[in-house]
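Trainee: Next comes the sequence, and after it the predicted model I'd like to discuss.
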Number of protein chains: 2
Amino acid sequence: MTQKIDFLSKNQQIVLEIIEKAKEPLKAYSILFSVQKKGIKAPPQVYRALDRLIKLGKIHKIESKNAFVACKNDSCTISNATAFSICDNCEMVTEISNPKLSKYLANFQDETGMRYNKYNLEFFGLCKKCKK
Amino acid sequence: MTQKIDFLSKNQQIVLEIIEKAKEPLKAYSILFSVQKKGIKAPPQVYRALDRLIKLGKIHKIESKNAFVACKNDSCTISNATAFSICDNCEMVTEISNPKLSKYLANFQDETGMRYNKYNLEFFGLCKKCKK
DNA sequence: TTACGCTTTGTTATAATATAACATTTTTAA
DNA sequence: TTAAAAATGTTATATTATAACAAAGCGTAA
Ligand SMILES: [Zn+2]
Ligand SMILES: [Zn+2]
Ligand SMILES: [Zn+2]
Ligand SMILES: [Zn+2]
C-alpha cells in the first residue's frame, strides 16, 4: 500500500485538534506547549505532525508568521493553491476561497511561458473590526 | 528631518551589494559570513540592514525560504506588492513583473469587501532549465 | 561653539524556529 | 510469523531572529 490518505495517527490528530480549535494561527512551540499534557514532549513530534497535516491539506502554514491554521475549505485536499487574508493589526487570518482568484492564479503563465503547480498568496490589510 | 529616503548607510550598502551580486536568494547568516571581512560582525547588524532595505524596496524577502533577493524592478520602490517565481528543483527565484497580475491583485476585493494594501505571492514550479 | 536629539553602529546574550540522528515501538502486508 | 514500513520517542544541535544597552557619528539650534 502506498499511503493511507484519510487516517491520521495519534500525534497528528492531537495536533490537528489544537489547531482547529484555535481562533488564530498557532506557532509550533505554542502547540508543543499545549500538547505536552497529552504526552507529546519534543519539537520533532510536533513538526512531523505539522508536515504531514500540511501535505494532506488539513492545515496550512502562514509563511509570513511561521504559524499554522486549519483549512476550512473542504475542496482543499492538498496545499497547492492557498490564499490568505491577514490583518496587520489583530491576529486575524482567514483563508480566501474565491473561485475566480484561484482560477486566475492556477492558470497564470509568466512572460517566459512558465506554468506553476503551486502558489501561496498572502494579502495584508486591516480587517473590518480593526478598520475603525 | 524625518527620513533620508535615498541614502544608504555603510552597512546597508555593504549588505545590498552582496545581495545584488548574488545569483540566488541569500540567507541572513550567509550574508553575515560574507561581510565579516568588511567589519560587520554580528547578526543584528545584518538584520537591521535587511529590514531597512526591505522597507525601501531595494530587496525582498522570499518567505518560504527565509532568504533575500535584490529587487530588479525599478518601479518597486516599496515592498508592498511582490510576486515571485520559484523553481522547486534548482535555487532559481525571479521576481515577476506583470502589470496585469499586479493590477488584478492590487484591486482584489474579497467576499466581505475587504481591500488590501499589500500582498506577497509565491509561485512554485520547474523552471525551463529544470523542466528537462 | 557647544549641547542636544536622533540615527546608526557595535556588542553580548538569548529567544524562537526547525532539523539531524538514531533507538524503539507499532502497524501493515506478504 | 515475520520482515518491511511507518510512526514514535529522545537527545542534541542547527538555523533564524531579536532584546537590550552602550558608544559613536551627525545635523542643528541656542
Ligand atoms: Zn485550505
Ligand atoms: Zn484586525
Ligand atoms: Zn521588487
Ligand atoms: Zn530550476
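Mentor: Great, that's in hand. Ligands and ions are numbered 1, 2, ... in the order given.
Trainee: So which residues of chain A form helices?
Mentor: Remark: helices assigned in chain A by DSSP state H are A:10-21, A:28-35, A:43-55, A:99-106.
Trainee: if I look at the residue positioned nearest the centre of chain A, how far off is residue B:85?
Mentor: Centroid-nearest residue in chain A, with CA atoms, centre = their mean: residue A:60, separated by 1.2 Å. Computed with CB to CB, to the nearest Å, the distance linking residue A:60 and residue B:85 is 21 Å. In short, each C-beta sits where N, CA and C put it, glycine included.
Trainee: same question, residue A:84
Mentor: In this structure, residue A:84 and residue B:85 are separated by 20 Å, where distance is defined by CB to CB.
Trainee: what do you get for residue A:96?
Mentor: 21 Å.
Trainee: Who has more neighbours out of these two?
Mentor: In this comparison of residue A:96 against residue B:85, neighbours counted by other CB atoms under 10 Å in any protein chain shown, the higher total goes to residue B:85 at 22 against 19.
Trainee: What about residue A:88, how many residues nearby?
Mentor: 13.
Trainee: shouldn't it be in contact with residue A:126?
Mentor: Yes: counting by CB atoms under 8 Å, a contact exists between residue A:88 and residue A:126, whose distance comes to 6.1 Å.
Trainee: who does the residue nearest to the centre of chain A bridge with?
Mentor: According to DSSP bridges, residue A:69 are recorded as the beta-bridge partners of residue A:60.
Trainee: doesn't residue A:79 make contact with it?
Mentor: Yes: look at residue A:60 against residue A:79 with CB under 8 Å: they come within range, at 5.5 Å.
Trainee: Common neighbours of those two, please.
Mentor: Any residue near both residue A:60 and residue A:79 by CB atoms under 8 Å, 6 or more residues apart in numbering or on different chains counts here, and that gives A:54, A:71.
Trainee: What ranges in chain A fall below the confidence cut-off?
Mentor: A:1-6, A:75-77 (pLDDT under 70).
Trainee: near chain B, which residues of it?
Mentor: By CB under 8 Å from any CB of the partner chain, the residues of chain A that approach chain B are A:63-64, A:85, A:88, A:96, A:98, A:101, A:104-105, A:108, A:110-112, A:114-125, A:127-128.
Trainee: Show the contacting residues for residue A:64.
Mentor: Residue A:64 is in contact with A:86, A:122, A:124, B:63, B:120, counting by CB under 8 Å, 6+ apart.
Trainee: Dig out what the residue lying closest to residue A:94 once chain neighbours are set aside forms beta bridges with.
Mentor: Closest residue in space to residue A:94, ignoring its immediate chain neighbours: residue A:85 at 4.9 Å, by CB to CB, 6 or more residues apart in numbering or on different chains. In this structure, residue A:85 has beta-bridge partners residue A:94, residue A:123, where bridges are defined by DSSP bridges.
Trainee: can you pull the contacts of residue A:85?
Mentor: By CB under 8 Å, 6+ apart, the contact list for residue A:85 reads A:92, A:93, A:94, A:95, A:96, A:123, A:125, A:127, B:110, B:114, B:116.
Trainee: Next one: it from ligand 2, what distance?
Mentor: For residue A:85, the distance to ligand 2 equals 10 Å [CB to the ion, to the nearest Å].
Trainee: For chain A, which residue gets nearest to ligand 4?
Mentor: Taking CB to the ion as the measure, the point where chain A comes nearest ligand 4 is residue A:114, at 9.9 Å.
Trainee: That residue against residue B:130, yeah?
Mentor: No: with contact taken as CB under 8 Å, residue A:114 and residue B:130 are classed as non-touching, separated by 10.4 Å.
Trainee: Contact residues of chain A facing DNA strand D?
Mentor: Selection of chain A residues close to DNA strand D by CB under 7 Å from any atom of the strand yields A:2-4, A:9-12, A:39-45, A:48-49, A:52.
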